[in-house]
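# Next input, structure requested:
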Amino acid sequence: MTRTLILNSSNYVVGSGNCYQYNFPQTAHFQAGAKVAVQNLAIYNSIQNITEKRGNNVITLRWLGVNYIFNIPEGFYSVSDLNYFLQQQCIINGLYCTANNNNDNIYFIEIVINSVRYSTSLNFYAIPTATEATNRGYVRPSNATWNFPASPQTPSLTFGQPLGNLLGLTFGTYPPTLQSTNIQFLSTQTPVISPVDSLIFTCNLVSSKYSIPSDVFYSIPISASLGSLILFNNSSLVYNDIIPQNFSSLIITIYDQLFQPVVLLDKELTLTLSILEP
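Now for the predicted structure:
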């Protein structure tokens, strides 16, 4: 006998970010030989690439001996978005100059894409001395709390490995020592700006001795851009054995390909399960 069970946004466990729970009308008893499979799935790609849970939302800018710690608001950021955020923080903290001939902002750090090298580039520019600044027409902003250095000096960035993975760089400080001239750092590994490429579903009804964790029962690649709907219609059902015991509820939890919990901004979901009973 085959039964159909549908989960949707009404089954979302508030505050979980990645969990849906269906409470059976009455305790369900599954006998040996009962199986469950995913038949249809519709879910929006609403997963952020920078979050507190991922540990990649903090970056430290060192400017002339002073550390500025920036907390990046959770969201989905491109490399250009990260560069815009960093420059925005420089404006807020007065860590830039203006050119007095045209009022253009002059930044001394940037994060950009190097498409030719298939990499991310961290570019640092030396903050000039007062004399050099005058010759270039550079003026400190009105909210600046710093003075031009006695000798040119670049700022630096410090970040952990989770953020480094997005940029294709190992964790640490760039540049590791003060520089008096402009310097560039290119990715040493492939940047992974979108760290989630597939979703793994676990279900409390199943337990497999061949997988870790043992309740994994389905996975799907993310085949839609951010904000778009991921649709899947399973024409060939792959059933998983249900533990022969009583259950009061069915719980679905969603992880990324590394089994890290995902946080779904859009909780809308339609998940159709096929339950096969002997």
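
# Help me confirm that Phe247 comes into contact with Asn204.
Yes - if you go by Cβ atoms under 8 Å, Phe247 and Asn204 touch, sitting 7.3 Å apart. No exception for glycine: its C-beta is placed from N, CA and C like everyone else's.

# Can you tell me the SS state at Leu166?
Following DSSP: H, G, I helix; E, B strand; the rest coil, Leu166 is assigned to helix.

# surely it meets Ser187?
No - at 10.1 Å, Leu166 does not count as touching Ser187 under the criterion of Cβ under 8 Å.

# and these two? which has more neighbours close in?
Legend: neighbour count by other Cβ atoms under 10 Å for Leu166 and Ser187, higher for Leu166 (22 against 19).

# who's in contact with the more buried one?
Counting by Cβ atoms under 8 Å, 6 or more residues apart in numbering, Leu166 makes contact with Asn49, Ile50, Asn56, Tyr77, Leu82, Pro191, Val192, Ile193, Pro195.

# could you redo the last one with a cut-off of 6 Å?
The neighbours of Leu166, taking Cβ atoms under 6 Å, 6 or more residues apart in numbering as the test, are Ile193.

# ok, now Leu5?
Residues in contact with Leu5 (Cβ under 6 Å, 6+ apart) are Leu273, Ile275.

# switch the cut-off to 7 Å
Residues near Leu5 by Cβ atoms under 7 Å, 6 or more residues apart in numbering: Tyr22, Leu273, Ile275.

# ok, now Ile113?
Shown in contact with Ile113 (Cβ under 7 Å, 6+ apart): Val79, Thr120.

# Now the host helix or strand of it - C-alpha only, PDB.
Element membership of Ile113, judged by DSSP states H and E, is strand 109-114. Output in PDB follows, covering the C-alpha atoms of strand 109-114 (Å, rounded to 0.1, in the frame of the first residue of the first chain):
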ATOM      1  CA  ILE A 109      41.900  48.900  -0.100                       C
ATOM      2  CA  GLU A 110      39.700  47.000  -2.500                       C
ATOM      3  CA  ILE A 111      38.400  43.500  -3.100                       C
ATOM      4  CA  VAL A 112      37.800  42.800  -6.800                       C
ATOM      5  CA  ILE A 113      37.400  39.900  -9.300                       C
ATOM      6  CA  ASN A 114      40.400  39.100 -11.500                       C
END
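
# If you count neighbours, what's buried in it?
If you call a residue buried by 16 or more other Cβ atoms under 10 Å, then strand 109-114 has these buried ones: Ile109, Glu110, Ile111, Ile113.

# what's the pLDDT at the nearest residue to Gly168 once chain neighbours are set aside?
Once flanking residues are discounted, Gly168 sits nearest to Ser187: 2.9 Å by Cβ to Cβ, 6 or more residues apart in numbering. At Ser187, the predicted lDDT confidence score is 95.

# swap in Asn100?
We note a pLDDT of 73 for Asn100 in this prediction.

# Now for it, how many residues are close by?
Using other Cβ under 10 Å, Asn100 has 12 neighbouring residues.

# His29 now?
Look at His29: counted by other Cβ under 10 Å, it has 11 neighbours.

# Asp241 versus that one, what's the distance?
Separation of His29 from Asp241 (Cβ to Cβ, to the nearest Å): 15 Å.

# ditto for Tyr12
Going from Tyr12 to Asp241 by Cβ to Cβ gives 27 Å.

# helix or strand right after the helix ranked longest in the chain?
In terms of residue count, the longest helix belonging to the chain (DSSP state H) is helix 79-92. Downstream of helix 79-92, the next assigned helix or strand under DSSP H and E is strand 97-99.

# quick one, strands of the stretch 101-250 of the chain?
Assigned by DSSP state E, counting those that start in this stretch, the strands in the stretch 101-250 of the chain fall at 105-106, 109-114, 119-124, 138-139, 156-159, 172-174, 183-186, 198-203, 216-221, 229-233, 240-241, 246-256.

# among those, which is nearest Ile43?
Nearest to Ile43, of all these, is strand 229-233, at 5.2 Å by Cβ to Cβ.

# Strand partners (parallel or antiparallel) of that closest one?
Next to strand 229-233 in the sheet, as set by DSSP bridges, lie strand 35-44 (antiparallel).

# Thank you, goodbye.
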